[in-house]
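A.B. asks: A structural model of the following input is requested.
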Amino acid sequence: MGILKNEYKSFLDDIEKNIKNKEDLEYVKERFASFLDVVLDQMDYIMDYKKEEMDKLEVTQNKLSSQIGQMQQVIDNIEKDIYAEDGFDFEIVCPYCDYEFIIDVDENKTEIACPECQNIIELDWSGDVEGEEGKGCQGNCHGCQGCDEDDDM
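C.D. replies: So this is what the prediction gives:
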């Protein structure tokens, strides 16, 4: 507003120098002051309107930020469900002592010791039911009724 005040003062000084008739000078000053009041009122109105709009935008932005935070939590939970850090669990029944235990799927691991009897159990992640030497399923799995190799599922 400092620039506006300086320009206003400069304008008044200029018209006082160039308008010699006192009545004309007073008329121009009053008319210009009246015009300037309207301009300043409009500027105040615009500034108030813009402030209200900015306040509304800020409230909306806060709501959206909150909703995005909630959505991110849901996405994080979905991601945890899909890509669990612990990997997939795989249930093993020891063929030596029938002890049941769970391990994480690790296709690089080819054998594991039974936590109960300490015997080494070979792991075959290929899903090949033929097994060693083409013997096929022996039906020795705990809770197994024998594999039906002809079953197409």
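A.B. asks: Name the nearest residue to Lys109, sequence neighbours excluded.
C.D. replies: Spatial nearest neighbour of Lys109, excluding adjacent residues (C-beta to C-beta, 6 or more residues apart in numbering): Leu123 at 5.9 Å. The way it works is simple: take the backbone N, C-alpha and C, and place the C-beta from them, glycine included.
A.B. asks: List the residues that contact that neighbour.
C.D. replies: Contacts for Leu123 were tallied using C-beta atoms under 8 Å, 6 or more residues apart in numbering; they are 109-112.
A.B. asks: Give me the buried subset of those.
C.D. replies: Buried by 16 or more other C-beta atoms under 10 Å: Ile112, out of those.
A.B. asks: Report all helices and strands that the helix or strand bottoming out on mean pLDDT in the chain contacts.
C.D. replies: Counting by mean pLDDT, DSSP states H and E, the chain has its least confident helix or strand at strand 89-93, which shows a mean of 83. Counting contacts by 3 or more C-beta pairs under 8 Å, 6 or more residues apart in numbering; DSSP states H and E, strand 89-93 packs against strand 100-104.
A.B. asks: so what strands line up beside the strand it packs on?
C.D. replies: strand 89-93 (antiparallel) (DSSP bridges).
A.B. asks: Let's verify Ser126: helix, strand, or coil?
C.D. replies: Three-state call for Ser126 (DSSP: H, G, I helix; E, B strand; the rest coil): coil.
A.B. asks: count of neighbours near it?
C.D. replies: Ser126 has 8 neighbouring residues, counting by other C-beta atoms under 10 Å.
A.B. asks: so who does it touch?
C.D. replies: Contacts of Ser126 (C-beta under 8 Å, 6+ apart): none.
A.B. asks: Number the residues from 4 up from this point.
C.D. replies: OK, 4 is where the count begins now, so the last one is Ser129.
A.B. asks: before we move on, back to that, widest-spaced pair of the contacts of Leu126?
C.D. replies: Thr113 and Ile115 (8.7 Å; C-beta to C-beta).
A.B. asks: Render the CA-only coordinates of the least confident helix or strand of the chain in PDB, please.
C.D. replies: Taking C-alpha atoms only, strand 92-96 is exported to PDB below (Å, rounded to 0.1, in the frame of the first residue of the first chain):
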ATOM      1  CA  ASP A  92       3.900 -71.100   5.600                       C
ATOM      2  CA  PHE A  93       4.300 -74.800   4.700                       C
ATOM      3  CA  GLU A  94       3.200 -77.600   7.000                       C
ATOM      4  CA  ILE A  95       5.500 -80.600   7.200                       C
ATOM      5  CA  VAL A  96       4.800 -83.900   8.900                       C
END
